[in-house]
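J.: got a structure for you, letters missing:
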């Protein structure tokens with residue numbers, strides 16, 4: 001990830017203090033999952049480093065052990081894998097969310113997926129080693145992480161079940177309800193891949209709606 005860290009012209013350097021007013025979406029996103037106190041937020045944000053990165057920028061890649069988790073203040077991203085040469089989108093992240101390479105975060109191993117920005121974005125990086133240290137000293141940060149990963153696992157399981165039990169139209173309507181506005185920000189082909197349908201089928205469902 002040295003390419004990201006070299007982008008000093010895109011934003012403040014790592015030594016610049018982070019103003020809480022500049023990470024309002026991140027703080028709101030954290031508290032959406034767990035009631036983290038101001039004191040714990042104050043412990044977390046000094047370890048965040050801002051980067052302004054362009055649309056289509058790749059944050060993580062397969063075969064690379066990544067050293068960061070990424071907090072999204074502005075913008076959105078998708079996570080995808082290459083399966084038989086085809087891109088399969090399996091997650092979307094937007095303001096207030098975090099995104100990362102699962103293998104790198106959990107096992108400190110090279111990743112399996114790409115994380116790609118879908119818009120020009122303001123991203124805050126945090127080193128995985130520093131996040132792990134906070135887990136050991138701050139029970140609120142540890143609990144926030146536990147809850148958010150439980151919720152993500154549940155959502156991924158629900159998505160798999162939805163593909164088996166819901167019609168394409170029902171999956172599309174559920175996506176709209178749970179991801180307001182995202183359909184206007186992300187390529188339809190990526191959403192179709194996420195929902196397990198062709199882009200043509202999704203276009204028909206949009207026209208019917």
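T.: Right, received. Where do you want to start? Keep in mind the model is a prediction, meaning the values are calculated, not measured.
J.: quick check: phi and psi on the residue nearest the centre of the chain?
T.: Nearest to the mean C-alpha position of the chain, counting by C-alpha atoms, centre = their mean, stands residue 99 at 3.0 Å. Main-chain dihedrals, residue 99, degrees, to the nearest 10: phi -140, psi 160.
J.: that one bridge partners, please.
T.: Going by DSSP bridges, residue 99 is paired in beta bridges with residue 70.
J.: thought it was touching residue 92?
T.: No. Using C-beta atoms under 8 Å, residue 99 makes no contact with residue 92, being 9.3 Å away. Heads up, the C-betas are built off the backbone N, CA and C, glycines and all.
J.: which residues are in contact with both of those two?
T.: 77, 79 (C-beta atoms under 8 Å, 6 or more residues apart in numbering).
J.: show me the contacts for the residue nearest to the centre of the chain.
T.: 59, 69, 70, 72, 77, 79, 91, 93, 115 are the contacts of residue 99 under C-beta under 8 Å, 6+ apart.
J.: what of residue 16?
T.: residue 50.
J.: residue ranges with poor pLDDT in the chain?
T.: Within the chain, the segments meeting pLDDT under 70 span 1-15, 209.
J.: one more time with 50
T.: 1-14 (pLDDT under 50).
J.: that one: helices as residue ranges?
T.: 2-5, 24-33, 38-44, 102-107, 128-137, 139-165, 168-178, 188-195, 199-208 (DSSP state H).
J.: could those go into a markdown table alongside mean neighbour count and distance to residue 87?
T.: What follows is these, written out as a markdown table (neighbours: other C-beta atoms under 10 Å; distance: least, C-beta to C-beta, whole Å):
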| stretch | mean neighbour count | distance to residue 87 |
| --- | --- | --- |
| helix 2-5 | 12 | 21 |
| helix 24-33 | 18 | 26 |
| helix 38-44 | 15 | 33 |
| helix 102-107 | 17 | 17 |
| helix 128-137 | 14 | 26 |
| helix 139-165 | 14 | 17 |
| helix 168-178 | 15 | 18 |
| helix 188-195 | 19 | 7 |
| helix 199-208 | 14 | 12 |
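J.: for residue 17, find the nearest of those.
T.: Shortest distance between residue 17 and the helices of the chain, using C-beta to C-beta, is found for helix 38-44: 11.3 Å.
J.: elements contacting the closest one?
T.: helix 24-33, helix 139-165 (3 or more C-beta pairs under 8 Å, 6 or more residues apart in numbering; DSSP states H and E).
J.: count of residues packed around the nearest residue to residue 103 once chain neighbours are set aside?
T.: Spatial nearest neighbour of residue 103, excluding adjacent residues (C-beta to C-beta, 6 or more residues apart in numbering): residue 109 at 4.5 Å. Other residues within reach of residue 109 by the criterion other C-beta atoms under 10 Å amount to 13.
J.: now residue 109: phi and psi?
T.: phi -120, psi 160.
J.: thinking it is in contact with residue 65, fair?
T.: Yes. Using C-beta under 8 Å, residue 109 makes contact with residue 65 at a distance of 6.2 Å.
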